[in-house]
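Asker: give me coordinates for this.
(chains A, B, C, D, E, F, G, H, I and J)
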Protein chains: 10
Amino acid sequence: MLYHVSMHISIPDSVAPARVEEIKAAEKERAAEIQRAGKWPHLWRVTGQYANISIFNVESHDELHALLSSLPLFPFMSVTVTPLAQHPSAI
Amino acid sequence: MLYHVSMHISIPDSVAPARVEEIKAAEKERAAEIQRAGKWPHLWRVTGQYANISIFNVESHDELHALLSSLPLFPFMSVTVTPLAQHPSAI
Amino acid sequence: MLYHVSMHISIPDSVAPARVEEIKAAEKERAAEIQRAGKWPHLWRVTGQYANISIFNVESHDELHALLSSLPLFPFMSVTVTPLAQHPSAI
Amino acid sequence: MLYHVSMHISIPDSVAPARVEEIKAAEKERAAEIQRAGKWPHLWRVTGQYANISIFNVESHDELHALLSSLPLFPFMSVTVTPLAQHPSAI
Amino acid sequence: MLYHVSMHISIPDSVAPARVEEIKAAEKERAAEIQRAGKWPHLWRVTGQYANISIFNVESHDELHALLSSLPLFPFMSVTVTPLAQHPSAI
Amino acid sequence: MLYHVSMHISIPDSVAPARVEEIKAAEKERAAEIQRAGKWPHLWRVTGQYANISIFNVESHDELHALLSSLPLFPFMSVTVTPLAQHPSAI
Amino acid sequence: MLYHVSMHISIPDSVAPARVEEIKAAEKERAAEIQRAGKWPHLWRVTGQYANISIFNVESHDELHALLSSLPLFPFMSVTVTPLAQHPSAI
Amino acid sequence: MLYHVSMHISIPDSVAPARVEEIKAAEKERAAEIQRAGKWPHLWRVTGQYANISIFNVESHDELHALLSSLPLFPFMSVTVTPLAQHPSAI
Amino acid sequence: MLYHVSMHISIPDSVAPARVEEIKAAEKERAAEIQRAGKWPHLWRVTGQYANISIFNVESHDELHALLSSLPLFPFMSVTVTPLAQHPSAI
Amino acid sequence: MLYHVSMHISIPDSVAPARVEEIKAAEKERAAEIQRAGKWPHLWRVTGQYANISIFNVESHDELHALLSSLPLFPFMSVTVTPLAQHPSAI
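Answerer: Below is the predicted model of the structure:
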């Protein structure tokens, strides 16, 4: 099933720069893992923002929540999830 | 170039039902045309709403506007366009 | 899978009163059908509003959209759908 | 009486990690207590967010406020309470 | 139990003026009835708006919803209900 | 004259806990003073929130501002003031 | 006492043009009356909008509401009232 | 002086189609006039919307309001005006 | 030319109290200077808030920005500027 | 292609003043570079705010994102990007 997920990231400046780089590296690795598993078919950058719009393809809400909350940047994210259905005009 | 487009549709009830069906049929046809041209790679239904989330792949803002404003339902749409850039973590 | 669905209903006064009563009767019947099928385990009235908060239990986004858009009042609804996952503190 | 309660949690990063774990453990325990008392029949995770949607079943607003403000995470919560009435179409 | 209720009223101009006056007269009468029954201890006009802020004192959400939906102007109202608890600093 | 005042309180966690307790005690005392003076006839807790809805009865905007800004928690408050007029249907 | 009042006007196009002109003429006359009475010291046009920002100087909320609701355009207005107090830095 | 002006246009469907075309033609002509007078240096279409973002260069707020309210589509516009100052980093 | 300016002030508690008093004293002085120069004819306190509504009378957007950004509290302000035009009904 | 970009800047006061001045100087330099390259034809100050409205002229969303995220102040910005198309009434 497809889920539209928007993620806006805001890391408070009280987090040490070195720590931020660590988290970002871990995020990149984890994101690649999930994409390779075929669960995260689309990941786009929102132009001009530290945010992305993604499409996830998973079996259930629980699986989606497990994947999202496993992302190292999750504590710094504001996330909106929109379930996507088949559109009658999609060919 | 990729554009994320959300379209919420609201047809006032003062439009005659027969006319509504005509417009919807024309919309379905026009949407198929644009998709076959490869310009509209993704068209999803927002679950529970008379709305869609789409991804368009076109050469310019002008081309996108021309395509969107050519849709029969355009006068009844509230549209948001978000330009999408390449994400550094997308594999 | 559980979906939290809020439905706010607004019927423009240009719809003839008799027609409104017809639609409401059909709505009540259809709602009962879906509830008897076990798909709509909770349906509550938002106190003071012509709105409800519901919990649906269905297999997919598509099934939810099919059920919601089959409701006679659907054209007059503003709907928000929130997918619900298992809470770690739920006993 | 039923109350629909949404709780969004945001713990500032100035709270020491160890302290956060303490609070979360106490929260889990307190939540189980209230659920076992039959006051908190539904507790769902909002997919993708550090938030829940709950249904409380208590005798009065005061009882609900006492329960909510007794939660260790209460100081970090943004809460919305919606009183739920019987829906005429609920079977 | 106390409920804070705000009611904003908007009557579309398609409703005949005579009909509007009828509804307003019936509203005034019904409001007086509910107040005399001690259920509606406070009814204030929001300065500058066709809106009121009220305090209701009733036994349950269902009773409140029954009273509100019995008001002739209810179909033209946008209502917000906030349950009020005892304040620790109230003397 | 009556004023509807809503106060949402948010104390940043950088304020030492002991200092917070001091301020809260002073707040409770000052609130009792103003209520005893008959200026603050209603003070209710918004169920589930660190917020209150109050009715003040004072002679002028300046008097209201002086009272509100004299509250020890004032620097941590987000306040909305709505002047209330006599409602034509109030008995 | 001073009140800051913003008025946004929206006349549905179902009101006959001749009737609109009548209402506007009556509005202009009534506005002049209130200004001559010294109650409406400032009336400014919000640049680019069919809206104004005004300062009223009256004795009470009731008087303000009576004046505002006496304006012929009142039924088409969306009004916000903000009570103004003396500023400590005003010379 | 420069003003940033955004105009969102919504023509109710109760306005006869022929009348709409008349207004649009008059709008195009008036817009060209103002642009030729050098008052309206930039006029851009918001991609995907019946809206524009413009830059006006006029001597005063009054002149801007006169120009905007002279546009045939003005009654159907929702307009936001933002005064623009010189930016210290503009070369 | 007249500008309506609303200023909401929020000083983070990480700024030392002594420093806050210094800034406030400098603000009061600077505000008096600008008012004496006739540029700031109206300065009102929004009742119940650390905010003001002001009317500035200056020659250009640049002059207004220079004055506002010269205020010691400017870094802690959230400001909205609305250009005011002559109202046709103002006498 | 033209992009309308609004940038609101908020630098938390935990960033040392000296560091802020460094970043601002680097920002000014980088902005001049991009403008000289013809990519940033318009940069205006929003009167009264630490914000700007800009027009960028670049070949793609990716190029725009690269330019924006290269700005030293980017981590402190809240950015909105609106793609601009040719307006049919622009002469």
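Asker: since we're on A:Met56, how many residues are nearby?
Answerer: Slight slip there: residue A:56 is Phe, not Met. Residue neighbour count, defined by other C-beta atoms under 10 Å in any protein chain shown, stands at 22 for A:Phe56. Every C-beta, even on glycine, is put in place using the N, C-alpha and C of the backbone.
Asker: from chain H, how far out is it?
Answerer: With distances taken as C-beta to the nearest C-beta, to the nearest Å, A:Phe56 is found 25 Å from chain H.
Asker: and what of A:Pro88?
Answerer: 21 Å.
Asker: and A:Glu22, which of the three is it?
Answerer: helix (DSSP: H, G, I helix; E, B strand; the rest coil).
Asker: so who does the residue of chain A found nearest chain I touch?
Answerer: Minimum separation of chain A from chain I (C-beta to the nearest C-beta) falls at A:Ser14, amounting to 10.5 Å. Under the criterion of C-beta atoms under 8 Å, 6 or more residues apart in numbering or on different chains, the neighbours of A:Ser14 are D:Asp13, D:Ser14, J:Ser14.
Asker: ok, the nearest residue to A:Ile11 once chain neighbours are set aside - how many residues close by?
Answerer: Leaving aside its chain neighbours, A:Ile11 sits nearest to A:Phe76 (4.8 Å; criterion: C-beta to C-beta, 6 or more residues apart in numbering or on different chains). Close neighbours of A:Phe76, defined as other C-beta under 10 Å, add up to 19.
Asker: wait, doesn't A:Phe76 sit right on A:Ser10?
Answerer: Yes. With contact defined as C-beta atoms under 8 Å, A:Phe76 counts as touching A:Ser10 (6.0 Å).
Asker: got any ranges where chain A has weak pLDDT?
Answerer: For chain A, no stretch has pLDDT under 70.
Asker: the helices in it, which residues?
Answerer: Along chain A, counting by DSSP state H, helices occupy A:17-36, A:61-69.
Asker: and the longest one, does that touch chain B?
Answerer: It refers to helix A:17-36. Yes. On the criterion C-beta under 8 Å from any C-beta of the partner chain, helix A:17-36 is in touch with chain B at A:Glu27, A:Lys28, A:Ala31, A:Ala32, A:Gln35, A:Arg36.
Asker: wait, the fifth one touches A:Leu67, no?
Answerer: So that's A:Gln35. No. A:Gln35 is beyond contact range of A:Leu67, at 10.7 Å (criterion: C-beta under 8 Å).
Asker: between these two, point out the one with more neighbours.
Answerer: Taking neighbours as other C-beta under 10 Å, A:Gln35 and A:Leu67 compare with A:Leu67 leading, 22 against 17.
Asker: without its sequence neighbours, what residue ends up closest to that one?
Answerer: A:Ile34 (5.7 Å).
Asker: give me the residue from chain A nearest chain F.
Answerer: Closest approach between chain A and chain F, counting by C-beta to the nearest C-beta: A:Ser14, at 10.5 Å.
Asker: related to what we said a few turns ago, now do the contacts for the residue nearest to A:Ile11.
Answerer: A:Ile9, A:Ser10, A:Ile11, A:Pro12, A:Ile23.
Asker: quick check, nearest of these to chain H?
Answerer: Comparing those against chain H with C-beta to the nearest C-beta picks out A:Ser10 as the nearest, at 24.6 Å.
Asker: picking that back up, redo the helices of chain A as CSV? Include distance to D:Phe56.
Answerer: Shown next, in CSV, are those (distance: least, C-beta to C-beta, whole Å):
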stretch, distance to D:Phe56
helix A:17-36, 35
helix A:61-69, 22
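Asker: which of these is buried the deepest?
Answerer: Most buried of these, by mean neighbour count (mean count of other C-beta atoms under 10 Å in any protein chain shown): helix A:61-69, with a mean of 20.
Asker: residues contacting it, please?
Answerer: A:3, A:5, A:34, A:39-40, A:56, A:58, A:74, A:77, A:79, A:81, C:1-2, C:83-86, D:45, D:47-48.
Asker: quick revisit: and the contacts of A:Phe76, which of them are buried?
Answerer: The neighbour count (16 or more other C-beta atoms under 10 Å in any protein chain shown) marks A:Ile9, A:Ile11, A:Ile23 as buried among these.
Asker: how far away is the closest residue to the last one other than its chain neighbours from F:Pro88?
Answerer: Read it as A:Ile23. Closest residue to A:Ile23 apart from its sequence neighbours, by C-beta to C-beta, 6+ apart: A:Pro72 at 4.8 Å. Separation of A:Pro72 from F:Pro88 (C-beta to C-beta, to the nearest Å): 60 Å.
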